[in-house]
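K.L.:
Got a sequence here, can you build the structure:
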Amino acid sequence: MIKIPYPKNQKEKEAFENSYLNSLKKDINVKYINKHLNKIQYLSIPLNFNRLITASFPELLELLKIIDTSLLSLSLFKRRNFKKKFNYKENQPNISTFYMHQTDIKISSCFYCNIDFINSFKDISDYIDEIDFINSASFEELKVVNGIGDQIATKIINERKKDRIKSISDLKISSKIKKRISKFDFKNTHNHFTLDHVLPQSKYPYLSLCLYNLVPSCYSCNSKFKKAIDFSINDDLKYIIPTSKDFSLTDDFMFKILYSKNLKNINVDSDFTLKQEIYKNEALIKEYLKIFKINGRFVFHKDKVLELIHLKINYPDSKIKEISKLTGQSELSIKMDLFGKEIFEADVSNTPFSKLKRDIAINLKIS
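P.N.:
Residues are numbered from 1 along each chain as shown. Got it, this is the predicted structure:
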């Protein structure tokens, strides 16, 4: 439901993709894979492993047809052998670590439903500063700093036993690790998300490692609702998949509220109904909404809409103008404080319920 905000700058995008390629296991038989892929001409250039793995989602929709056709020329044994070389199960821990450690995209809420939080986190307590961390962190917590292993963690604990460490510079460790500690540059050690294959690995194992075929999503969307259900695969799929550069789902349908009473008389969530209005790609969007149980899940959260309705009633434009004159704050900043900053951002942010809130804000003429 929310587009994944990949780097837009070409140089940063290439660095992001190369970082992903480097995260894959080094023992992938790229030479064997390329032996077959090089025979395939795509956009007048021979295909190769790196190009396939970082192909955009619209390109993947084209490539799956081309590769499927080319595989028909191979014997059943060679076909199976080719597909086995793309071993997602073996690479999954490396890929998860890539998503946990990279900072190019913000992972905050499920990109499919925009309801549940998804995130990576550091399994450490809260500390005042780096000195507090060094003097109080447990053995395992110290090792969250990239570069600190058992030996250095033991060394730090032994040093602080003698006397409280007053400065990072007092530590007898490398300057690189000191710098990481001083910046609280700690690696994420756990994650609270799953990775869904849009184009199923059961049918297209040779796309199972492709960067833009993977959607960070919540457990409910991936493992509970989608499970083994596949999207209808056609060229229009690129408009509803969060990894796609052609993604337009956010604009192709809207949440709307319908009510018969005067807005001021809406007191409980049963006083209005929450609907979706679809403008384009109706069949695919209906399928999407059905797969992820969007209707029922958002109806359960009508309280989010009720909050906006009550804020709109209590803070009409006239009152906001009055507050602006009294405080010297701009009307926009007051609205952002009252209704939520995410409603007024240029792009739909990846915070839970941002799509719902923006749509209802337009409906209520808040934004």
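K.L.:
For the rest of this, base every contact and every neighbour count on C-alpha atoms.
P.N.:
OK.
K.L.:
Give me the below-cutoff pLDDT ranges for the stretch 201-350 of the chain.
P.N.:
Residues of the stretch 201-350 of the chain meeting the criterion pLDDT under 70: none.
K.L.:
which stretches of it form strands?
P.N.:
For the stretch 201-350 of the chain, the strands defined by DSSP state E, counting those that start in this stretch cover 214-217, 253-258, 273-278.
K.L.:
any idea how far the last one is from the chain center?
P.N.:
Computed by Cα atoms, centre = their mean, to the nearest Å, the chain-centroid distance of strand 273-278 equals 25 Å.
K.L.:
Each with direction, which strands does that strand pair with?
P.N.:
Under the criterion DSSP bridges, strand 273-278 sits next to strand 253-258 (antiparallel) in its sheet.
K.L.:
circling back to that earlier point, looking at the strands of the stretch 201-350 of the chain, which one is packed in the most?
P.N.:
Stretch with highest mean neighbour count among these: strand 214-217 (a mean of 24; mean count of other Cα atoms under 10 Å).
K.L.:
nearest residue to Ser169 other than its sequence neighbours?
P.N.:
Using Cα to Cα, 6 or more residues apart in numbering and skipping residues adjacent in sequence, the residue nearest Ser169 is Lys178, 7.2 Å away.
K.L.:
contacting residues around the residue of the chain most remote from its centre?
P.N.:
Distance from the C-alpha centroid of the chain, by Cα atoms, centre = their mean, peaks at Lys162 (45.1 Å). With contacts taken as Cα atoms under 8 Å, 6 or more residues apart in numbering, Lys162 has no neighbouring residues.
K.L.:
Straight-line length of stretch 270-288, end to end?
P.N.:
Between the opening and closing residues of stretch 270-288 lies a distance of 26 Å (Cα to Cα, to the nearest Å).
K.L.:
ok, Asn314 - how many residues close by?
P.N.:
Residues lying near Asn314 (other Cα atoms under 10 Å) number 12.
K.L.:
Arrange the strands of the stretch 201-350 of the chain in a markdown table, one row each, with distance to Ile66 as further columns.
P.N.:
Listed next are the strands of the stretch 201-350 of the chain as a markdown table, based on distance: least, Cα to Cα, whole Å:
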| stretch | distance to Ile66 |
| --- | --- |
| strand 214-217 | 20 |
| strand 253-258 | 32 |
| strand 273-278 | 32 |
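K.L.:
who's in contact with Ser217?
P.N.:
Ser109, Cys110, Phe111, Tyr112, Ile118, Phe193, Thr194, Leu195, Asp196.
K.L.:
Counting neighbours, which of these comes out on top?
P.N.:
The contacts of Ser217, ranked by neighbours (other Cα under 10 Å): first place Cys110, 28 neighbours.
K.L.:
residue closest to the middle of the protein?
P.N.:
Residue closest to the average C-alpha location in the chain (Cα atoms, centre = their mean): Ile107, at 4.1 Å.
K.L.:
Helix, strand or coil: sort out that one for me.
P.N.:
Of the three states, Ile107 takes coil under DSSP: H, G, I helix; E, B strand; the rest coil.
K.L.:
Hmm, it is touching Asn350, no?
P.N.:
Yes - between Ile107 and Asn350 there is a contact under Cα atoms under 8 Å: 7.3 Å.
K.L.:
Who are the contact partners of the residue nearest to the centre of the chain?
P.N.:
For Ile107, the contacting residues are Ile118, Asn119, Ser120, Pro216, Asn350, by Cα under 8 Å, 6+ apart.
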